[in-house]
Every structure is written in structure tokens, then in C-alpha cells.
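Asker: The sequence and its predicted three-dimensional model are supplied below.
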Amino acid sequence: MERRRYGSTDMEVSALGFGGSEIQSGVSLSVVEQLLSSALDAGLNLIDTAECYGDSEELIGRAVSGRRQDYYLFTKCGHAKELEGEDWSPAMLEQSIDRSLKRLRTDAVDMIHLHSCSEEVLKRGDVIEVLLRAKKKGKTRYIGYSGDHKAARYAVESGLFDSLMTSFNIADQEAATLTLPLARDKGMGVTIKRPVANVAWLGGSEPKSEYAKPYWERLQKLDYPFLKDNAEESVRTALRFALTPEAVHTAIVGTTKPGRWSENASMLREASRLDEEAYVSIRSRWDKTAGSDWVGLG
């Protein structure tokens, strides 16, 4: 698995990381142990989760905390449940960070991202100060912002964050011009979420998931020829597209099926980026088709 230097940090991350949103309530510890252990053995070295992903943090901590030296650990804060205080209050964020460390069974994570707070909240400044204090106290080595659209642009422009986590895929390309070039110029690490657009095109009909429907609707209009290829080839093209920009260092994919991460990683064995002609073709079709309201989706 190819590894890329994560911006100006000292981390070299696998081009494909594991997203912990899928392993929430209802997934057994034994499945998570098998899932993550096999992924680590196959070359994974980045696990991303969040305090609002149900049991995800706790399951990761129980499953692989004994292999902590084998992976970089990212989590997110901002939508805490069962804690006192409102979302985005400094006191709640501090409680959330401490709870995440306890759940993950570690003294420190490698990255804490603010989890999709608004531009208005960012401009208040106090949420950023919470992360800066956590960094100073050694609870996290780096801090970042996870989100899209104008809030993501503000976070990048602020110069206060080490990392940007944002959506970028064949059906969600606002970041290509809005944030990715500036993030690269500022030396930020960049993680792509939703890199395969929730594979909304597979199945041939509108997906039941409300999360995937906007991508399905966009893809009907974009009508990329490669989506008519077999499923594996179309997913391979989509995944490589998300990893092609120079600014991008890793893309996170979630699954609950042991062995699936290795299958996804095998798609990048020959190359993790598209050739220039294929990439430009997808970008050009987006530029000709995308509506003004096709903004980045969280």
C-alpha cells in the first residue's frame, strides 16, 4: 500500500485509511478485531473515527489498542451525546476529548478534527482554542477541521489547522477548487471522506439511504461512461479519482466485512491515481454539468 507524507506533519499515511463510522452499535467486538487486524496486516496505518459514531471508539480501543504503534489514530469532536452542555461549547468539547481518549484506550491521538461545525462557530474562536489546548497538553499531536463548503474554506484560510478532512469524489467536486489547492499551499494534510460517493450508482436504482440519494441524483445527470463498466472497475476508477489531486494524502473507507478493506486496497495496487486524461475528463464533465447548488456534502 502506497504511503504519502501527510502535509507538513511527520506522518506517512497509507493512501487508503479505515473509516470507523460503519462499526457502530450492532457490530460485535470479534468482527471488529478481525476487520481491523486484517487491515493492519494488509498495510493500513490510519484509523479514523468520531465520538458520535456510537460504539466505534470503544470497539476500536478494545480491538486494536494493543497495536497502537502500528497505526495513526484520528478522531473527531463536536456532536457529543450523553455529555453536559450544548454542542460546540468549550466545556463539552473538553469532556468529549477526554472521553474519546478513555474509549480508545490511549493517552493521545494523532489527530482531532472539529466535526463539521459551521463557519459562524469557527469564527467565534473558542472551539479552536479547545483543540489548541488539547494539543499543548499532549492529548493530540495535531488538530484539524472536518467539513465542507464555506466553513472548510474558512478553516483552511485560518492557518490554525494541520489537517483538512473533506468530501471529494466523482459526484462531489466543489473542494477541487475551493479548498484543496489552498490546503496544499499551506502544507496541510488532507483526508478525503466519502471517496466513492457511497457507491450510489451500484444497483441501478435510487438508493434507499437518504445519505446517498443526492449523489445518485447528481450521477444521473453526470452520466459518466465508466459507471457502465463492471462494478469493480467503476469503483476502482472512482476511488483513484478521489486520490488523484496532489493535495490529497489519504481517503477513508468504512466497512463491516472482514477482508473488504484488503479488497479495496488491491484496487490501488497498480496505481493509486488516475492518468491525467481520465482525471481531466471527469473534472470537465463536472464543470459542464454541476449546478450552482452542488456544494460539498458532509
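Answerer: Nice, I can see it.

Asker: C-alpha only now, for contacts and for neighbours.
Answerer: Noted.

Asker: Please list all residues in contact with the spatially most central residue of the chain.
Answerer: What sits nearest the mean C-alpha location of the chain, by CA atoms, centre = their mean, is Lys193, with 3.3 Å. Lys193 makes contact with Met165, Thr166, Ser167, Phe168, Ala251, Ile252, Val253, according to CA atoms under 8 Å, 6 or more residues apart in numbering.

Asker: where do the strands sit along the stretch 151-298 of the chain?
Answerer: Counting by DSSP state E, counting those that start in this stretch, the stretch 151-298 of the chain has strands at residues 163-167, 189-193, 250-253.

Asker: and of those strands, who's closest to Asn45?
Answerer: strand 250-253 (10.5 Å; CA to CA).

Asker: Dihedrals phi and psi, Glu12?
Answerer: Dihedral angles phi and psi of Glu12 (degrees, to the nearest 10) take the values phi -110, psi 110.

Asker: Look up which residues are beta-bridged to it.
Answerer: Arg5 (DSSP bridges).

Asker: number of nearby residues for it?
Answerer: 17 (other CA atoms under 10 Å).

Asker: How much space separates it from Glu82?
Answerer: 35 Å (CA to CA, to the nearest Å).

Asker: returning to that earlier point: roughly how far apart are the residue nearest to the centre of the chain and Met165?
Answerer: Counting by CA to CA - Lys193 and Met165 are separated by 7 Å.

Asker: returning to that earlier point: how about the residue nearest to the centre of the chain, nearest residue that isn't a chain neighbour?
Answerer: Ser167 (4.9 Å; CA to CA, 6 or more residues apart in numbering).

Asker: Go ahead and confirm that neighbour touches Pro195.
Answerer: Yes. In this structure, Ser167 is within contact of Pro195 by CA atoms under 8 Å, at 6.9 Å.

Asker: Contact partners for Gln95?
Answerer: Per CA under 8 Å, 6+ apart, neighbours of Gln95: Leu83.

Asker: Could you do Ala63 as well?
Answerer: Counted by CA under 8 Å, 6+ apart, Ala63 has contacts Leu29, Ser30, Val32, Glu33, Leu36.

Asker: Ala197 is in contact with Leu239, correct?
Answerer: No. The criterion here is CA under 8 Å, and Leu239 misses it with Ala197 at 9.1 Å.
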